[in-house]
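[1] can you look at this prediction? I've put the sequence above it.
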Amino acid sequence: MPNNNSTEITPEVIDLVVARLEALPPNVAMSVGDKGSFDLAELIESVKACDEVGKQIIEMQLLYLRSLKELTPAE
């Protein structure tokens, strides 16, 4: 995944992403590329471990949050 807005993965970033994941319904599952499907507990575990899947989830969440600042208010 291209990383144009590289951010150091600090404990605060991990906590932010974990909090966002914990806000999802407990039955959520995500497919992560060729790594397979993961339930919410597995995603949170990967983010906390900062493994390959966790880093992809972190980057995805950060890209989403950064995109919000690009939105323009409706007129």
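    Right, received. Where do you want to start? Numbering: from 1, shown residues only.

[2] and the longest helix anywhere in the chain, what does it pack onto?
    If you go by DSSP state H, the chain has its longest helix at helix 52-68. In terms of contacts (3 or more C-beta pairs under 8 Å, 6 or more residues apart in numbering; DSSP states H and E), helix 52-68 is packed against helix 11-22, helix 40-49. Quick note: C-beta positions are derived from backbone N, CA and C, even for glycine.

[3] any weak-confidence spans in this structure?
    Applying pLDDT under 70 to the chain flags residues 1-6, 75.

[4] what do you get if the cut-off is 90, keeping everything else the same?
    The chain contains residues with pLDDT under 90 at 1-8, 33, 69-75.

[5] and the contacts of the strand or helix carrying residue 30?
    Residue 30 belongs to strand 29-31 when assigned by DSSP states H and E. Strand 29-31 is contacted by residues 37-40, 43, 57 when judged by C-beta atoms under 8 Å, 6 or more residues apart in numbering.
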